[in-house]
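[1] Sequence first, predicted coordinates after that:
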Amino acid sequence: MSKTDSTPVQPASSANQTRSVVVPVYGEQPDTVSALVSDLYDAGWDEVVVCADDSTPDLEARLSTLAEDGRTTVSLSDTRRGKGGALSDGLDAAAGDILGYVDADRAIPVAELDRLYSVVESHSAAVTVGSRDLEGSCRLSQTPARQWLAKGYRSLARRMTRVQIEDLQCGAKAFRAEVWEQVSPWMSEEGFAFDTEFVARVHRHGYEVSEVAIEWDDPGDSSVSPTRDAPDMLRSLFRIRRSLRGPIPTHDRDDKLSVALITSHPPNRGHLAEYGEELARAYGQRDDLDVTVLARRTDTAPPVEFRRGYEVRRVWDRDSFDGASALLEELVAGDYDVVHFNIHMTYFGNENVHRFIGLVLPPLLSRVYGMNVITTMHDLLEVVEEEMIDENIGLIEQVGARAATQLLLLGDASTVTSEEYLDILTDRYYSKDVFHVPHGTFACADGGVQQIPDPFRIMVFGHLSPTKDIETVVEAFSEVRAAIPDAELYIAGDSHPGFPTHRQDLEKAYGDRPGVHFHGYVEDDEMDDVWQQTSVVIMPYRTCTGVSGVFQLAKTYGTPVVSYDVGGMRTSTVETGGAAEFVPPGDASALAAKLCSLWDDPDRLHEMAQQNAEAANAYTIGDTADRMVEIIEERVLP
């Protein structure tokens, strides 16, 4: 995109390029139209196409006379085609090498139109648009209401079309004939918004657009009413934005699909950071995707970082209205073909208002801005244990969570990591565009089954919060240690962001227990060592709100699992592939007995390890990325 100042550009007449110009006519006096056509020929135009709607007998007679010279083409319509309809008919009929159009009211002098054509003829740009706003003085003759309407429209149009020029609506433009040939099949606006759609489409096709400041004299008789037409103008922008969805193959674009992945990403911890990183990596390994991760800001990482196969842009913050606004601005301004939200209900903040605002972004982008949006939902309120809802989630929060779920489903497509969630969304929310895409397992260093390490090391992994019953685990471990004196309990993970002191509180209470170790957050370069030294991992979840990333890691590393048998846990773990032993929640003696029996039965431990490793190979995060792309191509893109 480029802009030029008001310095005249000399036409390249030696190139023998022919000029055609279309003049849409509605309500103008015959003398005005006739004088404009005469001036255009005097200035060197080869063809003038006049498209008149609801013409009067006097105008028809004058146009008939003009057509006798053999250079003027006349298109008459008894009905109102609209500016866009008239221009489309005229441009289709025009025969010149350089095409363009100009309003019939003579607000734009022919000499100014000549400057636009000269830019195209000199090959400085494929498309040139006149601008009444580059120098800021043309609109002074307009009423304040019209100035306000024009300013608001320009601002919104730039956001929704992603075309950063000042004046999309000026009624003077010039372009190579091949440009119209390429974009005309895609044009749909028949009225006032034709100008905006045309500029947006040529930009979307990859053509360079030059904006030239011109003189303009407001005739004061515009048929556009700020009060009557403002709603139609707004609706037209929504139509244009939606019609621009999807990649358009052109001479200047490659075949890659540009994807914005909104997800947590290291060095941020938790909130799907590891999953987001692995999914971005799997996307980045594909030849058909160009992936940008839009992640939360952090004090320990740069705003922009180039990873292997993808880019990370850290542009927003949790629990922040400005953060949500920054993310929205980045998505609207960026040239993304698809936006993929990889989120759960608490992703955007600890406070309900920030959570809700963040969860409104997917439907806002899809329904208002017309972007292609797919959302991966990792949790649902409906799979939380009823007693946990009654204890921790109030009525307002329950209503808000269900409303947020319904809003998320207004995107173009949604995916879930569990078949149980698919059934819930289909049956309770009547959503059709929901698909089950398994979580997928991550790559690890050894890529297979390990030997069960000795001594017996038990691990709890992941964020620490009241939803994980560490207290009962420590009590059970005391019984295990009485039977297996060299047993160890590793509690690996930091506090959940919603409970920032929970790990410290637990360590203060249990850190001096024999054999109990608090590891803290496990960095990427520590992951292999920590998991490969683990004999069995415990999942003491009081409730299950999504497919467990810990279980996917256990499959990745071929590690046996013991889990609380709470609602949703079986469908979120074993039924996604793999093996686990289950115990009643909160029963320390049952947990201790299960752990001791497994240690006494190494064949069973190895069997579980083998089943988990095989499940890991059965469906990887690469398979997840492949399925996501299939859904995007089949159900998200037009």
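    Thanks, I have it. Remember, predicted model here, so these are calculated numbers, not experimental data. Residues are numbered from 1 along each chain as shown.

[2] Could you list the domains of this structure?
    Residue ranges for the domains of the chain, per automatic domain parsing: 2-243, 257-436, 457-618.

[3] want to try JSON lines for these, with distance to residue 637 as columns?
    C-beta coordinates here come from the backbone N, C-alpha and C atoms, glycine included. Below are the domains of the chain laid out as JSON lines (distance: least, C-beta to C-beta, whole Å):
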{"stretch": "domain 2-243", "distance to residue 637": "12"}
{"stretch": "domain 257-436", "distance to residue 637": "6"}
{"stretch": "domain 457-618", "distance to residue 637": "26"}
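
[4] average pLDDT across stretch 175-191?
    Across stretch 175-191, pLDDT averages out at 92.

[5] and the end-to-end length of that stretch?
    Taking C-alpha to C-alpha, to the nearest Å, the first and last residues of stretch 175-191 lie 20 Å apart.

[6] buried stuff in it?
    175, 176, 177, 179, 180, 182, 183, 187, 189, 190, 191 (16 or more other C-beta atoms under 10 Å).

[7] closest one to residue 631 among the domains of the chain?
    Shortest separation from residue 631 across these is recorded for domain 257-436, at 5.5 Å, computed as C-beta to C-beta.

[8] What's the end-to-end length of that closest one?
    End-to-end distance (C-alpha to C-alpha), domain 257-436: 22 Å.

[9] Then stretch 70-80?
    26 Å.

[10] what do you get for stretch 104-116?
    End-to-end for stretch 104-116, by C-alpha to C-alpha: 17 Å.

[11] and what of stretch 241-259?
    17 Å.

[12] would you turn the buried residues of stretch 175-191 into JSON lines with distance to residue 512?
    Formatted as JSON lines, the buried residues of stretch 175-191 follow (distance: C-beta to C-beta, whole Å):
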{"residue": "175", "distance to residue 512": "77"}
{"residue": "176", "distance to residue 512": "79"}
{"residue": "177", "distance to residue 512": "82"}
{"residue": "179", "distance to residue 512": "76"}
{"residue": "180", "distance to residue 512": "79"}
{"residue": "182", "distance to residue 512": "74"}
{"residue": "183", "distance to residue 512": "73"}
{"residue": "187", "distance to residue 512": "74"}
{"residue": "189", "distance to residue 512": "73"}
{"residue": "190", "distance to residue 512": "78"}
{"residue": "191", "distance to residue 512": "76"}
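
[13] of all those, which two lie farthest apart?
    176 and 191 (25.1 Å).

[14] on that earlier part again, go through the buried residues of stretch 175-191 and say which is closest to residue 294.
    residue 183 (29.7 Å).

[15] Which strand or helix spans the closest one?
    Residue 183 belongs to helix 177-183 when assigned by DSSP states H and E.

[16] helices or strands up against that helix?
    strand 98-102, helix 194-204 (3 or more C-beta pairs under 8 Å, 6 or more residues apart in numbering; DSSP states H and E).

[17] rank the ones you listed by mean pLDDT and give me the bottom one.
    Of all the helices and strands packed on helix 177-183, helix 194-204 has the smallest average pLDDT, which comes to a mean of 91.

[18] sec struct for residue 305, please.
    Of the three states, residue 305 takes strand under DSSP: H, G, I helix; E, B strand; the rest coil.

[19] now the closest residue to it other than its chain neighbours, what's its secondary structure?
    The shortest distance from residue 305 to any non-neighbouring residue, by C-beta to C-beta, 6 or more residues apart in numbering, is to residue 312 (4.5 Å). What three-state DSSP gives for residue 312 is strand.

[20] and residue 496, what does it touch?
    270, 463, 464, 465, 467, 502 (C-beta atoms under 8 Å, 6 or more residues apart in numbering).

[21] Could you give the backbone dihedrals for it?
    phi -60, psi 140 (degrees, to the nearest 10).

[22] Next one: it from residue 426, what distance?
    To residue 426, residue 496 is 30 Å away according to C-beta to C-beta, to the nearest Å.

[23] ditto for residue 48
    59 Å.

[24] And the two? Which one has more around it.
    residue 48 (27 against 12; other C-beta atoms under 10 Å).

[25] which SS class is the more buried one?
    strand.

[26] what's the following helix or strand after the lowest-mean-pLDDT helix or strand in the chain?
    Ranked by mean pLDDT, DSSP states H and E, the weakest helix or strand in the chain is strand 2-4, scoring a mean of 40. Using DSSP H and E, the helix or strand that directly follows strand 2-4 along the chain is strand 20-25.

[27] Low-confidence regions, the stretch 301-450 of the chain specifically.
    345-347, 380-401, 443-450 (pLDDT under 70).

[28] what does the stretch 451-600 of the chain give?
    In the stretch 451-600 of the chain, residues with pLDDT under 70: 451, 545-546, 572-575.

[29] what about the helices in the stretch 501-638 of the chain?
    Ranges of helices within the stretch 501-638 of the chain are 502-510, 527-532, 549-556, 569-572, 588-599, 602-618, 621-631, based on DSSP state H, counting those that start in this stretch.

[30] most tightly surrounded among those?
    helix 549-556 (a mean of 26; mean count of other C-beta atoms under 10 Å).

[31] what's in contact with that helix?
    For helix 549-556, contacts defined as C-beta under 8 Å, 6+ apart pick out 272, 274-275, 439-444, 461-462, 531, 537, 539, 559-561, 563, 572-573, 576-578, 580, 612-613, 615-616.

[32] could you flag which of those are buried?
    Using 16+ other C-beta under 10 Å, the buried ones in those are 272, 274-275, 439-442, 444, 461-462, 531, 537, 539, 559-561, 563, 572-573, 576-578, 580, 612-613, 615-616.

[33] so of those, which ones are in strands?
    461, 537, 539, 561, 563 (DSSP state E).
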